[in-house]
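Undergrad: Generate coordinates for the sequence data below:
(2 chains)
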Amino acid sequence: DTEVTQTPKHLVMGMTNKKSLKCEQHMGHRAMYWYKQKAKKPPELMFVYSYEKLSINESVPSRFSPECPNSSLLNLHLHALQPEDSALYLCASSRTKMRDETQYFGPGTRLLVL
Amino acid sequence: AQTVTQSQPEMSVQEAETVTLSCTYDTSESDYYLFWYKQPPSRQMILVIRQEAYKQQNATENRFSVNFQKAAKSFSLKISDSQLGDAAMYFCAYMGSSNTGKLIFGQGTTLQVKP
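TA: Residues are numbered from 1 along each chain as shown, chains lettered A, B, ... in the order given. This next block holds a predicted model:
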């Protein structure tokens, strides 16, 4: 099973709302990632978790708050977002975060901020 | 800093024909991996093929093969016998040893397959 699942598929939120994105994998992977992708652009790395610890934060604004409750689950908590935060949010996982590991991507959550 | 460049924003190919997507990269590292990912219109990104920099032999996966020229820092993807299902955005990506966990993507090439 090489599946990464993400919920919800679509999300519409106002600028004052608080919402969360969820990502799950059952491949035993110990590295998990959040990416942001705008239309027709490559994914931009936001966060990397390695063995449930935050390893990389690509200077993401504090209105995005990641959480890794266990090795299978990754959340992204959203608060006070801006319209420019509207994008496809992709989760990925890999066995470890070493350079030879393939990252497996989920289908993404399409977020619209009004 | 490492960079990845895909100079062809869009390409098209006739079904059953062969197409080559270009990718160049810049790095001072000697130990790294290169990847081609495919993102169909349904959005889920999947790995097409990968290459270790220390391996001379070009990677091949069924109809997909790469031409890896380490000295020229070039990593092109050849798709043979193109199929309608190959239509997608293709991203070239780099991961080096100095910044593990961080995939560096090119800007992508949108491939159209004509019946």
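
Undergrad: residues in contact with A:Val49?
TA: For residue A:49 the amino acid is Tyr, not Val. A:31-33, A:55, A:66, A:68, A:74 (Cβ atoms under 8 Å, 6 or more residues apart in numbering or on different chains). C-beta coordinates here come from the backbone N, C-alpha and C atoms, glycine included.

Undergrad: and if we set it to 6 Å?
TA: Taking Cβ atoms under 6 Å, 6 or more residues apart in numbering or on different chains, we find A:Tyr49 in contact with A:32, A:68.

Undergrad: Partner strands of the host helix or strand of it, with direction?
TA: Per DSSP states H and E: A:Tyr49 is located in strand A:44-50. Sheet pairing for strand A:44-50, assigned by DSSP bridges, gives strand A:31-37 (antiparallel), strand A:53-57 (antiparallel).

Undergrad: Disregarding flanking residues, what is the spatial nearest neighbour of A:Glu101?
TA: A:Ser94 (4.1 Å; Cβ to Cβ, 6 or more residues apart in numbering or on different chains).

Undergrad: Also B:Met11?
TA: B:Leu111 (5.2 Å).

Undergrad: separation between that neighbour and B:Gln44?
TA: Relative to B:Gln44, B:Leu111 is positioned 16 Å away (Cβ to Cβ, to the nearest Å).

Undergrad: More neighbours: the two, which one.
TA: Neighbour count, other Cβ atoms under 10 Å in any protein chain shown: between B:Leu111 and B:Gln44, B:Leu111 has more, with 21 against 16.

Undergrad: centroid residue for chain B?
TA: Geometric centre of chain B, nearest residue: B:Trp36, 3.3 Å, by Cα atoms, centre = their mean.

Undergrad: coming back round to it: and the pLDDT for the residue nearest to A:Glu101?
TA: pLDDT, A:Ser94: 95.

Undergrad: That one touches A:Gln103, doesn't it?
TA: Yes: using Cβ atoms under 6 Å, A:Ser94 is in contact with A:Gln103, at 4.7 Å.

Undergrad: In chain A, what residue spans correspond to strands?
TA: A:4-7, A:10-13, A:18-25, A:31-37, A:44-50, A:53-57, A:64-70, A:73-79, A:87-94, A:104-105, A:109-113 (DSSP state E).

Undergrad: Which one of these lies nearest to B:Pro40?
TA: Nearest of the strands of chain A to B:Pro40, taken as Cβ to Cβ: strand A:104-105 at 11.8 Å.

Undergrad: What is the closest one packed up against?
TA: strand A:87-94 (3 or more Cβ pairs under 6 Å, 6 or more residues apart in numbering or on different chains; DSSP states H and E).

Undergrad: Show residues contacting the strand it packs on.
TA: Here strand A:87-94 makes contact (Cβ under 6 Å, 6+ apart) with A:4, A:6, A:21, A:23, A:25, A:29, A:31-33, A:35-38, A:43, A:74, A:101, A:103-106, A:108-111.

Undergrad: Can you list the strands that the lowest-mean-pLDDT helix or strand in chain B pairs with?
TA: The least trusted helix or strand in chain B, going by mean pLDDT, DSSP states H and E, turns out to be strand B:60-61, with a mean of 92. Using DSSP bridges, the strands paired with strand B:60-61 are strand B:64-69 (antiparallel).
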